[in-house]
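Enquirer: give me a model of this one.
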Amino acid sequence: MCEVLNNASVSAFIGAFSAFILVMLTDIRRRYRDRSLLRLLISDSGDHSQKKLTSVKMNREMVTENNNITDAPFMPFSTQSIRDFQVRALDVLGTQEKQSVDAIIYWMESINDLLNSATSCASKIKTLIKSNASTQERDDVLKDYLEILREGEKNLEYLISMVKLHKQKQYRKVVEFLHPVF
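Expert: Okay, the predicted model is just below:
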């Protein structure tokens, strides 16, 4: 038996096979680590959603209670980093987990677009104020702005609920998320 192991070809084969197994195990470990990082990014997005919700409520209250408006932009969700980790961990994600990540990304991108339109609306209101536009014209844009903020509030609350379900590994509920229709 020792004579077989003293053969250079056998030793080279055993060394190459061991290296292959080591690389394979490292890749598997890396994919599971990427899945864990993906889950952390989604959890961080839930925290970001909470902060955005606070900002949206504050902007709405500024208008309704203080008759003040800001056109400061909202910090967007970083969906690309979530997509990158999703691709890297794709083979260790279950179908429902992958679909739940897709659903969460969809909601985040939709909320980004909605809040960008709120920022544009606020800028338009400021422009109308500076140009001494009619009160009716300003009120019409202001109503649109407040409606966009209300929609943003509802959508952020839905997203927060979806992220909580994802944290609890209830992926099916995220994919089949039922929200009230108003």
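Enquirer: please enumerate the helices of the protein.
Expert: Secondary structure of the chain, counting by DSSP state H: helices at 2-5, 8-66, 79-88, 95-130, 135-167, 171-175.
Enquirer: got JSON lines for these, with mean neighbour count, mean pLDDT and distance to A72 too?
Expert: Every C-beta, even on glycine, is put in place using the N, C-alpha and C of the backbone. Listed next are the helices of the chain as JSON lines, based on neighbours: other CB atoms under 10 Å; pLDDT from 0 to 100; distance: least, CB to CB, whole Å:
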{"stretch": "helix 2-5", "mean neighbour count": "7", "mean pLDDT": "64", "distance to A72": "71"}
{"stretch": "helix 8-66", "mean neighbour count": "14", "mean pLDDT": "88", "distance to A72": "9"}
{"stretch": "helix 79-88", "mean neighbour count": "16", "mean pLDDT": "93", "distance to A72": "21"}
{"stretch": "helix 95-130", "mean neighbour count": "18", "mean pLDDT": "94", "distance to A72": "7"}
{"stretch": "helix 135-167", "mean neighbour count": "17", "mean pLDDT": "93", "distance to A72": "13"}
{"stretch": "helix 171-175", "mean neighbour count": "19", "mean pLDDT": "90", "distance to A72": "31"}
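Enquirer: wait, which of the ones you listed is closest to P73?
Expert: Among the helices of the chain, helix 95-130 comes nearest to P73, with 4.8 Å by CB to CB.
Enquirer: which strands or helices does that closest one pack on?
Expert: Contacts defined by 3 or more CB pairs under 8 Å, 6 or more residues apart in numbering; DSSP states H and E place helix 95-130 against helix 8-66, helix 79-88, helix 135-167, helix 171-175.
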